[in-house]
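Trainee: Pasting the sequence and the predicted coordinates here, then a few questions.
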Amino acid sequence: MSHSEKADYGVVSFLARHVWLGMRAAIEDELTEFGLTVPQFATLLMLDHAPGMSIAEVARACGTTRQAANEMVAGLQAHDLVTRSPHPTDRRAQQLHTTEAGRELFHKALPAVRRREEELEAGLSPQLRSAGREWMLAMAAACVMQEKD
């Protein structure tokens, strides 16, 4: 049986999870040098692009519970990497922002993460890399649309 025939028997969501678990382990190895976990790095990444996110938004984006996200953010806060401030329109929510130290650590860790991802993709053609990214973006958008329905 060829590789493509084997792939036909896979369930896409489980194949994606398998890839994610493998990539997460590889990225985790890179992040230990910086004292960060994958969820902490992901949070710094999100806050770099969207300052002011709430704990609930971070939890949704990381695919975790609000309680787990709160504990993870507390760890970042304890190391002076993020701050919390009252949300201007929602008394129950807090906005998260990276500190200067948080931005600095994120920008130090980012090249290591990118380098590791490039190593993992080294055997893939540019076309396959591009197609993979297009597929992931389209699937992410489809999942968001499904959530709204």
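Mentor: Structure's in. What do you need?
Trainee: what residues are up against the residue nearest to the spatial centre of the chain?
Mentor: Nearest to the mean C-alpha position of the chain, by CA atoms, centre = their mean, lies residue 42 at 3.9 Å. When contacts are counted by CB atoms under 8 Å, 6 or more residues apart in numbering, residue 42 touches 61-62. For glycine as for every other residue, the C-beta is placed from the backbone atoms N, C-alpha and C.
Trainee: So it, which state does it fall into?
Mentor: helix (DSSP: H, G, I helix; E, B strand; the rest coil).
Trainee: so how far is residue 64 from it?
Mentor: 10 Å (CB to CB, to the nearest Å).
Trainee: before we move on, the earlier item: look up how far residue 20 lies from the residue nearest to the centre of the chain.
Mentor: 12 Å.
Trainee: I'd like the average pLDDT over the longest helix seen in the chain.
Mentor: Ranked by residue count and defined by DSSP state H, the top helix of the chain is helix 126-148. Taken as a whole, helix 126-148 has a mean pLDDT of 87.
Trainee: Then stretch 86-101?
Mentor: Averaging pLDDT along stretch 86-101 gives 89.
Trainee: Stretch 18-27 now?
Mentor: The model assigns stretch 18-27 a mean pLDDT of 92.
Trainee: May I have that stretch as PDB, with CA atoms only?
Mentor: Extracted C-alpha coordinates of stretch 18-27, given in PDB (Å, rounded to 0.1, in the frame of the first residue of the first chain):
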ATOM      1  CA  HIS A  18      -0.600  13.800  15.700                       C
ATOM      2  CA  VAL A  19       1.300  16.500  13.800                       C
ATOM      3  CA  TRP A  20       0.500  19.100  16.500                       C
ATOM      4  CA  LEU A  21       1.700  16.800  19.300                       C
ATOM      5  CA  GLY A  22       5.000  16.100  17.500                       C
ATOM      6  CA  MET A  23       5.500  19.800  16.700                       C
ATOM      7  CA  ARG A  24       4.600  20.800  20.200                       C
ATOM      8  CA  ALA A  25       7.300  18.500  21.600                       C
ATOM      9  CA  ALA A  26       9.900  19.900  19.200                       C
ATOM     10  CA  ILE A  27       8.900  23.500  20.000                       C
END
